[in-house]
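Enquirer: Any chance you can model this:
(one chain, ligands or ions: 2)
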Amino acid sequence: MAQYSLVSGSVGLITLKNPPVNALGAVVRHGIVDSVEKALSDPKVKSVVICGQNGMFCGGADIKEFGTDMKGPPLIPMFHSLEAANKPVVAAIEGGAFGGGLELALGCHYRIAHSKAKVGLPEVTLGLLPAAAGSQRLPRLIGVPAALNLITTGRHITAAEALQLGLVDQVADHNTVDTAVKFAQSVVGKSLDSRRISNFQCPPVPNVDVLFEEVMQKIRQTSRGAIAPIACVQAVRAAATLPYKDGLQKEKELMATLFTSGQARSLQYCFFAQRVVSRWSMPNGASWDTSKGRPIHKAAVIGLGTMGRGIAVALAQTGFSVVAVETQEKQFMDAKKAVAGMLERGAKRSGKVAAHDKIIYSQNLQAIADVDLVIEAVFEDMALKKRVFRQLSDVCKPGTFLCTNTSTLDIDQMAAETRQPELVVGMHFFAPAHVMKLLEVVYGPRSSPEAVAVAMQLGKKMGKVSVAVGNCRGFVGNRMLKPYRDQAYFLLEEGATPELIDQALEEFGFAMGAFKVYDLSGLDVGWKVRKEEGLVLPGGGSGKSARIRQGVRYSPLGDLMCEEGRFGQKTGRGWYQYDKPGSRDAKPDPWVHRFLEDYRARHGLVARRISNQEVLERCLYAMINEGFRILEDGIAAGPEDIDIIYVFGYGWPRHRGGPMFYANMVGLPIVLERLEHFAQANPDVPTLQPCNLLRKLVASGSPPISKWREAMKNVHSQL
Ligand SMILES: CCCCCCCCCCCCCC(=O)CC(=O)SCCNC(=O)CCNC(=O)[C@H](O)C(C)(C)COP(=O)(O)OP(=O)(O)OC[C@H]1O[C@@H](n2cnc3c(N)ncnc32)[C@H](O)[C@@H]1OP(=O)(O)O
Ligand SMILES: NC(=O)C1=CN([C@@H]2O[C@H](COP(=O)(O)OP(=O)(O)OC[C@H]3O[C@@H](n4cnc5c(N)ncnc54)[C@H](O)[C@@H]3O)[C@@H](O)[C@H]2O)C=CC1
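Expert: Numbers count the residues shown, from 1 in each chain. Ligands and ions are numbered 1, 2, ... in the order given. Presented below is the predicted three-dimensional model:
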């Protein structure tokens with residue numbers, strides 16, 4: 001609702017009330033229309049102030065209404081009537097004004113923001129554009145380049161930046177509403193003509209065509225197939241080149257396309273999924289609202305290789321005291337230098353002081369005796385990890401949380417080496433750990449809810465999107481990656497090239513195709529793991545068994561590449577060629593094409609034409625099938641957990657919502673039918689056999705993804 005009151009004898013105060021963010025749902029919109037009418041028709045009222053309750057101006061349109069019939073007053077005429085009012089209207093912005101909330105403020109004659117408030121037009125992140133005239137008013141107020149930046153990125157800016165841009169008129173350090181009321185009184189009687197933004201001419205831009213062409217090109221390169229950023233540019237172009245009324249019409253047309261697009265649905269799903277996963281639960285019923293964490297002041301990182309360095313930086317930048325331990329002399333010296341550089345670069349970007357003094361380096365485990373939490377990041381070797389966990393348990397004070405950054409290994413085996421196994425959890429960061437947003441928090445059968453709560457809260461403090469998952473080989477993300485990668489290799493055997501597969505995946509929207517990722521992370525990493533698993537045979541093996549391991553189809557292609565010393569970017573040669581070792585510019589390599597032809601000839605394989613569609617279906621449906629298995633096994637609590645892991649950790653295009661949401665969009669019966677087809681053609685690939693949960697969901701009428709958790713409960717009880 002919106003509450004109306006008369007304050008200071010002459011100011012009509014309209015307070016938006018719709019907790020938690022005062023979103024502009026139908027009831028609020030009705031309330032605003034009624035309140036404005038009251039204020040404008042009351043002769044005692046000389047000016048109007050609009051604010052939000054509980055220190056929050058307005059979080060924008062109510063996103064939950066988007067899938068409904070959206071009854072209630074529309075926003076655009078409401079904002080026009082505010083702007084047209086013959087009494088000054090002032091927005092008092094506390095907390096934040098986002099999307100429709102900022103568009104409401106742009107309809108007012110003046111804007112006053114609290115110094116800690118933030119404002120922005122984040123519609124693009126929801127697959128939309130600011131279609132309550134925001135795309136037309138903002139460029140008229142702050143100029144085209146600044147508006148383009150805000151609208152195409154959706155970034156939230158501080159009150160100080162908003163003031164500098166001319167987006168707000170004044171910044172208040174305290175009591176914004178009182179300040180706004182006094183301000184509203186002070187401007188009574190002043191002409192409002194110059195305050196109605198829709199009447200403004202857009203500040204002229206030299207070479208407007210060139211500017212828009214450049215911006216559009218950049219957006220096309222970076223948006224990975226997302227349509228909203230492009231529509232945002234088109235809308236701002238309309239503001240820059242057309243009269244307001246025509247621009248508004250263009251805004252409406254563009255919005256109509258976006259609003260009904262699958263991309264908007266996917267992005268809005270991601271918005272809510274991110275919030276759903278923060279309300280974690282464990283199969284034993286423990287959950288975020290019943291489990292308390294404990295404050296962490298000092299943490300240790302063990303092993304300062306690729307991951308340990310990033311984790312130490314991320315902890316220090318968050319303000320924790322860190323003891324960083326590395327046993328090998330050279331690594332110790334290299335790590336100190338590398339961490340210092342990372343801190344310096346981070347400080348330069350953020351404008352903060354580099355947190356060098358937060359980190360103490362040591363080569364001795366005794367230095368961590370008084371820490372509250374440890375994150376182990378030594379080599380991926382169970383025997384070593386067990387030894388380290390025994391030592392940690394001996395050295396650390398009782399009650400210290402012991403976490404491992406393992407990417408695949410069994411948390412429970414490490415916990416078994418300690419005196420307090422309930423305090424052991426996985427904290428699986430992604431490389432580079434100080435940059436990547438995802439954190440998988442892995443609970444073993446003995447991990448306590450308190451330990452999970454601590455890891456989840458720590459992740460949140462570090463700015464990570466944390467997802468709690470169960471303990472199995474590869475957890476959620478890496479477990480699902482295996483069938484995807486297997487299919488990519490099988491497709492090479494059947495006639496594809498790395499370029500063809502990568503192009504299909506990149507056109508779909510992945511940041512990088514499977515083979516570019518291999519080259520980036522190093523082909524030798526997987527080779528080492530496969531050797532340990534006994535899968536690697538010299539020369540890839542021969543005869544019939546060469547492409548079978550442990551009874552299932554296996555491609556030795558990756559092993560053969562490693563035998564050639566082709567480890568990817570680091571050696572300048574991998575699935576692509578690079579100008580020099582370490583270079584990132586991947587070029588197709590005729591050697592690889594010949595290598596594949598020889599391999600096929602050796603194994604009697606006849607290359608066939610492979611379509612992009614087949615690449616996507618084989619790679620993605622195999623991955624999705626594993627996702628259903630993960631749900632069936634209770635490793636992830638719901639599809640949202642899997643989707644958020646893929647969007648934030650594996651470069652899955654956000655505008656496609658994550659693998660499970662994508663399956664829901666494609667249609668579960670189609671996914672099932674294609675998997676059945678591929679499974680029949682590849683009986684030696686068990687990961688293509690549709691899993692029970694998928695079959696049961698289809699048999700029960702393919703409920704929408706929002707109903708899967710409920711449906712899963714029934715399926716679980718029958719399995
Ligand atoms: C034929 C078709 C014709 C088509 C024509 C259609 C025309 C339609 C015209 C519509 C024009 C509308 C234009 C417009 O106004 C567009 C918008 O405004 S879109 C919304 C833009 N706003 C945002 O993107 C802000 C989203 N929110 C946030 O970023 C954060 O929540 C915020 C920074 C505000 C606060 O962060 P924090 O304190 O961390 O809280 P949480 O994020 O955890 O949120 C708390 C709680 O609130 C829920 N929530 C937040 N914002 C909204 C919202 N805008 N609507 C609904 N609900 C919201 C959030 O989900 C949390 O609740 P949970 O229960 O935990 O999920
Ligand atoms: N590299 C990656 O992309 C990712 C790796 N991980 C996991 O993180 C862990 C570490 O991986 P990386 O950083 O890549 O390995 P790395 O090989 O770069 O670094 C490991 C470091 O641990 C040190 N070390 C070994 N034993 C030690 C001990 N007893 N005490 C102190 N230091 C010791 C080594 O000297 C080395 O510097 C592994 O479990 C890995 O699976 C997780 C996510 C991503």
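
Enquirer: For the residue nearest to the spatial centre of the chain, pull up the helix or strand it's in.
Expert: With distances taken as C-alpha atoms, centre = their mean, Phe648 lies nearest the centre of the chain, 3.9 Å away. Following DSSP states H and E, the helix or strand that holds Phe648 is helix 639-649.

Enquirer: How far away from the center of its chain is that helix?
Expert: 8 Å (C-alpha atoms, centre = their mean, to the nearest Å).

Enquirer: who in the protein is up against ligand 1?
Expert: Taking C-beta under 6 Å from any ligand atom, the part of the chain that reaches ligand 1 is made up of 20-21, 23, 59-64, 75, 96, 98-100, 103, 122-123, 126, 128, 131-132, 255-256, 259-260, 272, 275. No exception for glycine: its C-beta is placed from N, CA and C like everyone else's.

Enquirer: Which residue is the nearest non-sequential neighbour of the residue nearest to the centre of the chain?
Expert: Closest residue to Phe648 apart from its sequence neighbours, by C-beta to C-beta, 6 or more residues apart in numbering: Leu438 at 4.0 Å.

Enquirer: give me the number of residues near that neighbour?
Expert: As a burial measure, the neighbour count of Leu438 was computed by other C-beta atoms under 10 Å and equals 20.

Enquirer: Which residues are in contact with it?
Expert: With contacts taken as C-beta atoms under 8 Å, 6 or more residues apart in numbering, Leu438 has the following neighbours: Phe429, Phe430, Lys464, Val465, Val467, Gly477, Ile644, Ile645, Phe648, Gly649.

Enquirer: which residues of this structure score low on pLDDT?
Expert: For the chain, residues meeting the criterion pLDDT under 70 lie at 715-719.

Enquirer: State the number of residues packed around the residue of the stretch 601-719 of the chain found nearest ligand 2.
Expert: Nearest residue of the stretch 601-719 of the chain to ligand 2, counting by C-beta to the nearest ligand atom: Gly649, 9.5 Å away. Each residue near Gly649 was counted by other C-beta under 10 Å, and the total is 21.

Enquirer: Identify the residues contacting Gly303.
Expert: Under the contact definition (C-beta under 8 Å, 6+ apart), the residues listed for Gly303 are Val325, Glu326, Glu376, Ala377, Val378, Phe379.

Enquirer: so what's the fifth one closest to, chain neighbours aside?
Expert: In other words, Val378. Setting aside the residues directly before and after it, Val378 is nearest to Gly303 in space (C-beta to C-beta, 6+ apart), at 3.8 Å.

Enquirer: Need phi/psi at the one you found.
Expert: phi 100, psi 110 (degrees, to the nearest 10).

Enquirer: tally of neighbours for the residue of the chain found nearest ligand 2?
Expert: The shortest separation between the chain and ligand 2 is 1.7 Å, found at Gly305 (distances taken as C-beta to the nearest ligand atom). Other residues near Gly305 come to 16 when the count uses other C-beta under 10 Å.

Enquirer: Isn't it up against Ala377?
Expert: Yes: distance between Gly305 and Ala377: 6.7 Å, which falls inside the contact criterion (C-beta atoms under 8 Å).

Enquirer: Could you report the distance from Ser583 to ligand 1?
Expert: Computed as C-beta to the nearest ligand atom, to the nearest Å, the Ser583 to ligand 1 distance reads 39 Å.

Enquirer: where does that residue fall, helix, sheet strand or coil?
Expert: Under DSSP: H, G, I helix; E, B strand; the rest coil, Ser583 falls in the coil class.

Enquirer: Correct me if wrong: it contacts Gly572.
Expert: Yes: look at Ser583 against Gly572 with C-beta under 8 Å: they come within range, at 6.7 Å.

Enquirer: which residues in the stretch 401-550 of the chain form helices?
Expert: If DSSP state H, counting those that start in this stretch is used as the criterion, the helices of the stretch 401-550 of the chain fall at 411-415, 449-461, 477-494, 498-508, 514-521, 523-532.

Enquirer: before we move on, the earlier item: out of the contacts of Leu438, which is nearest to Gly225?
Expert: The closest of these to Gly225 turns out to be Phe648 (C-beta to C-beta; 18.1 Å).

Enquirer: Just confirm that closest one contacts Val435, I think it does.
Expert: No: if you go by C-beta under 8 Å, Phe648 and Val435 don't touch, sitting 11.5 Å apart.

Enquirer: Among the contacts of Leu438, give me the pair with the biggest separation.
Expert: Across those, the longest distance by C-beta to C-beta is 15.2 Å; it joins Phe429 and Ile644.

Enquirer: which one is Ile227 nearest to, not counting chain neighbours?
Expert: Nearest residue to Ile227 in three dimensions, chain neighbours excluded: Gln263, at 5.7 Å (C-beta to C-beta, 6+ apart).

Enquirer: Determine the three-state secondary structure at the one you found.
Expert: The assignment at Gln263 comes out as helix when based on three-state DSSP.

Enquirer: if I pick it, what's in contact with it?
Expert: Gly127, Ala226, Ile227, Ala228, His655, Arg656.

Enquirer: ok, back up a step: for the following helix or strand past the helix holding Phe648, which helices and strands make contact with it?
Expert: Downstream of helix 639-649, the next assigned helix or strand under DSSP H and E is helix 659-666. When contacts are defined as 3 or more C-beta pairs under 8 Å, 6 or more residues apart in numbering; DSSP states H and E, helix 659-666 sits against helix 262-278, helix 612-632, helix 639-649.

Enquirer: so which of those helices is the most packed in?
Expert: Each of the helices and strands packed on helix 659-666 was given a mean neighbour count from mean count of other C-beta atoms under 10 Å, and the largest, a mean of 27, is that of helix 639-649.

Enquirer: which residues make contact with it from outside it?
Expert: Residues lying outside helix 639-649 but in contact with it, judged by C-beta under 8 Å, 6+ apart, are 269-270, 272-274, 276-277, 430, 436-438, 440, 465, 467-469, 476-477, 480, 627, 630-631, 636, 652-654, 657-661, 664, 705, 708-709.

Enquirer: Pull it out as CSV, backbone CA atoms only.
Expert: Extracted C-alpha coordinates of helix 639-649, given in CSV (Å, rounded to 0.1, in the frame of the first residue of the first chain):
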residue,chain,number,x,y,z
PRO,A,639,17.1,-27.6,-9.4
GLU,A,640,17.9,-24.0,-8.4
ASP,A,641,21.0,-25.1,-6.6
ILE,A,642,22.3,-26.8,-9.8
ASP,A,643,21.4,-23.9,-12.0
ILE,A,644,23.1,-21.3,-9.8
ILE,A,645,26.3,-23.5,-9.6
TYR,A,646,26.4,-23.6,-13.4
VAL,A,647,25.6,-19.9,-14.0
PHE,A,648,28.1,-18.7,-11.4
GLY,A,649,30.8,-21.3,-11.7
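
Enquirer: can you give me the angle that helix makes with helix 477-494?
Expert: Taking axes from the mean of the first three to the mean of the last three C-alpha atoms, to 10 degrees, helix 639-649 and helix 477-494 form an angle of 70 degrees between their directions.

Enquirer: Val17 - how many residues pack around it?
Expert: I think there's a mix-up here, since residue 17 is Lys and not Val. Applying other C-beta under 10 Å, we find 14 residues neighbouring Lys17.

Enquirer: Look up how far Asp643 lies from the closest residue to the residue of the stretch 601-719 of the chain closest to ligand 2 other than its chain neighbours.
Expert: Beyond its immediate neighbours in the sequence, the residue positioned closest to Gly649 (C-beta to C-beta, 6+ apart) is Leu438, lying 3.4 Å away. Here the criterion is C-beta to C-beta, to the nearest Å. By it, Leu438 lies 12 Å from Asp643.

Enquirer: Same check on Pro139?
Expert: Taken as C-beta to C-beta, the spacing of Pro139 relative to Asp643 amounts to 34 Å.

Enquirer: do the same with Phe272
Expert: When Phe272 is compared with Asp643 (using C-beta to C-beta), they lie 11 Å apart.

Enquirer: Then Trp288?
Expert: 19 Å.

Enquirer: How about Gln249?
Expert: Applying C-beta to C-beta, the value for Gln249 to Asp643 is 36 Å.

Enquirer: got it, and Pro704?
Expert: As for Pro704, its distance to Asp643 is 14 Å (criterion: C-beta to C-beta).
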